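Student: kindly generate the corresponding structure for this input.
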Amino acid sequence: MASRKRRHGATPGSGAGPRRSRLRMRLLLPLTVLVAVMAMLMLRGYVHSEILADHRVRSEAPTDKVPEKILDGGPVIDTRSGRTTSMDVPDHRLVLTFDDGPDPTWTPKVLDVLKKYHVHAVFFVTGTMASRYPDLVKRMVDEGHEVGLHTFNHPDLSYQSKSRIDWELTQNQLAITGAAGVRTSLFRPPYSSFADAMDDASWPVTEYIGTRGYLTVVTSVDSEDWKKPGVEEIIKGATPKHGKGAVVLMHDSGGDRHQTVEALDKYIPELRAKGYKFENITEAIGAPSALVPVTGVDLWKGKAWIFLVQASDRLTDFLVACLALTGALVIGRFGLMLLLSGAHARRVRKRGFRWGAPVTEPVSVLVPAYNEAKCIENTVRSLMLSEHPIEVVVIDDGSTDGTARIVEAMGLPNVRVVRQLNAGKPAALNRGVANARYDIIVMMDGDTVFEPATVRELVQPFGDARVGAVAGNAKVGNRDSLIGAWQHIEYVMGFNLDRRMYDILRCMPTIPGAVGAFRRTALERVGGMSDDTLAEDTDVTMALHRDGWRVVYAEKARAWTEAPETVQQLWSQRYRWSYGTMQAIWKHRRSLIESGPSGRFGRVGLPFVSLFMVVAPLLAPLIDIFLLYGVVFGPTQKTIVAWLGVMAIQAFCAAYAFRLDREKMTHLISLPLQQILYRQLMYVVLLQSWITALTGGRLRWQKLRRTGVVEAPGGPVPSQRDRSSNDRRPVA
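Tutor: Below is the predicted model of the structure:
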């Protein structure tokens, strides 16, 4: 995993050109992946007859336009080069034909019986099945059988235009070429039967098929095996009368064909005993082989087609497995959250619950700040209302907007400013720890405001000597916009409900930078705040777990933070979080094989963090992809019901989280839209983080533009925001 020393500030870009270029590159890979996945799903849907399938079958039509010699002729119809002729199979010769395959279960059994008796047959394969099971088509050709076209998607061609007919033939031929390296000149129309069944709707199709160079083969004798009438009835139906030759119709696909296989094993020796000879179609009519080897570009086109179909099937199977995994993770996580967060709330809200002796000694509050001129006064003034004795140390990390001067000009007691050259947030926090007077260290961001009780509630868990750090309850202060409301839902449901669960499991992954507290001795034992990763808060929390400290959640220690107000700001923040979390997981990977507290965290906490914060969010968009696919191509009703079921579970969990945090339910109105749109954004961010991590790329710290709009509810902190300024511009 790549890491670098980062700074609060980002080097501004020169002009809009580089920003647009970065945005295009940022979107290119995720969009490419999305388009590729959708293309593969569409290909699979086409090959599995979910897309472009036409199951209409035309009823009988008049026959006055069909030549009498066709109606009274044989099962092989030749309309090539303007001809209108038909041919019969000579007496005592049988051509076994099998439609609708190849089938992975029944076609091999049919081929085994034919091989047992050294019999050749004709398999009229559909392009969909040939594309999915190319090895069976190759086996047919290798064992001396002929293959013919049965269209790609098995539509009734009398309903189709000439362009659709050409498409069906071309795609069917492409599949056969890719599977066996041959072309065929044999064709059997779907839903066809005998020559005398040709009518005014099907005859024009037969004529047109001839102009494309194909012989049309219909049926002389129908075994009606598709009805599954029993072995003896199939043999009876497939036996011609009076020793006549025949083209026999059977099926090797389309359902359970065990009766066909059993009948075939009896039929061949019985008919041979009656003097019949089994041949393929061209042998029976004395014509050249219907199969011609294909070479060059056409062969490679066919192989490429088979490769893509196989890849789409494998990808879809993989995605379905991932979807099942995602569903299991989501449902399991929700169930675990509901169970454990409820247990946490009951425990800490129980009458008389105490962490230990009340913590009353003063604490040091560290405020690292880089260019926080718009927010810093609100932040510091909110601390002055604290119900707990504190000192405030503002660490100015090389600000260029006068942040330090603003704090000094306030002239507040117990507030000190420590200046340093721009060295990054971890260095600023470590500098603050070195300058702090007290043994309990509270850390907050420069864009955050505390309620009067926040510090007092935050430090009470230190009454338990085993506690090394405490996570507070971070709230979104600017929730009046849609994107703010979405983050509000995420904070309440995705962060704070999670923290309750992680508290019970004793594997809290992150002390939020907005509101967290540490025991000085715990920080010193793990080496302080590290700049090895972009998520120093996650990094230090994992280090504390490995060192044996307890990390807990204080629900009443509320802090109000300014969330990103534009998509680009949100992108920058979550990209850093995601990438930093991956770095922290990688940094602490050895805990998986260690013993003691480190091993416990490695085998409990690390898998939880990896699954729920990295893997599951990356797979979650599959729900929406399959939703879209299912709505468009079916089964629409089942797809919508399933999606609504998942949404109902999420809504229930969100409502429960809001109830625990005593939040108004009105913001949940935007939950469905959040699940559709917000999840896609997080997916793109996480995918980009994965790529950066796997390629060893470097991610620069990006400073979010602040507005200073956030205040603690009911607090007298004046807003520093200039309402006339345009402060909602994206970050450079």
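
Student: quick one, strands of the stretch 1-150 of the chain?
Tutor: Using DSSP state E, counting those that start in this stretch, the strands of the stretch 1-150 of the chain run over residues 76-78, 85-87, 93-99, 122-125, 146-149.

Student: for those strands, which one sits closest to residue 203?
Tutor: strand 76-78 (9.5 Å; C-beta to C-beta). Backbone N, C-alpha and C define where each C-beta goes, glycine included.

Student: what packs against the closest one?
Tutor: strand 85-87, helix 203-211, strand 215-217 (3 or more C-beta pairs under 8 Å, 6 or more residues apart in numbering; DSSP states H and E).

Student: what lies in contact with that strand?
Tutor: 70, 85-89, 195, 198, 206, 210, 215-218, 247, 281, 285 (C-beta atoms under 8 Å, 6 or more residues apart in numbering).

Student: in ChimeraX, select just the buried ones from those.
Tutor: For the buried members of those, the matching ChimeraX selection, counting by 16 or more other C-beta atoms under 10 Å, is:
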select :70,86,87,88,89,195,198,206,210,215,216,217,218,247,281,285
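
Student: helices or strands next to the lengthiest helix in the chain in the packing?
Tutor: What stands out as the longest helix in the chain, according to DSSP state H, is helix 296-348. If you count contacts as 3+ C-beta pairs under 8 Å, 6+ apart, helix 296-348 packs onto helix 16-47, helix 127-132, helix 162-180, helix 497-505, strand 550-561, helix 616-619, helix 621-633, helix 636-660.

Student: kindly recompute the last result at 6 Å.
Tutor: helix 16-47, helix 162-180, helix 497-505, helix 616-619, helix 621-633, helix 636-660 (3 or more C-beta pairs under 6 Å, 6 or more residues apart in numbering; DSSP states H and E).

Student: on that earlier part again, so which of the helices and strands packed on strand 76-78 is nearest residue 518?
Tutor: helix 203-211 (79.9 Å).

Student: mean confidence score for the closest one?
Tutor: On average, the pLDDT along helix 203-211 is 95.

Student: circling back to that earlier point, most tightly packed of the strands of the stretch 1-150 of the chain?
Tutor: Ranked by mean neighbour count, those are led by strand 122-125 with a mean of 29 (mean count of other C-beta atoms under 10 Å).

Student: so who does the residue nearest to the spatial centre of the chain touch?
Tutor: The chain has residue 622 as the residue nearest its centroid, 2.9 Å off, counting by C-alpha atoms, centre = their mean. Residues near residue 622 by C-beta atoms under 6 Å, 6 or more residues apart in numbering: 319, 322-323, 326.

Student: deepest-packed of the helices and strands packed on helix 296-348, please.
Tutor: Of all these, as judged by average neighbours under mean count of other C-beta under 10 Å, the leader is helix 497-505 with a mean of 23.

Student: mind saving the C-alpha coords of it as CSV?
Tutor: What follows is helix 497-505, C-alpha atoms only, in CSV (Å, rounded to 0.1, in the frame of the first residue of the first chain):
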residue,chain,number,x,y,z
LEU,A,497,-25.2,2.6,14.8
ASP,A,498,-22.1,0.9,13.7
ARG,A,499,-20.1,2.3,16.6
ARG,A,500,-22.6,0.9,19.1
MET,A,501,-22.1,-2.5,17.5
TYR,A,502,-18.4,-2.2,17.4
ASP,A,503,-18.3,-1.1,21.1
ILE,A,504,-20.1,-4.4,22.1
LEU,A,505,-17.7,-6.4,19.9
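
Student: tell me which other helices or strands that helix touches.
Tutor: helix 296-348, strand 550-561.

Student: relative to helix 636-660, how tilted is the longest one?
Tutor: Same thing as helix 296-348. Angle, helix 296-348 to helix 636-660, by axes from the mean of the first three to the mean of the last three C-alpha atoms, to 10 degrees: 30 degrees.
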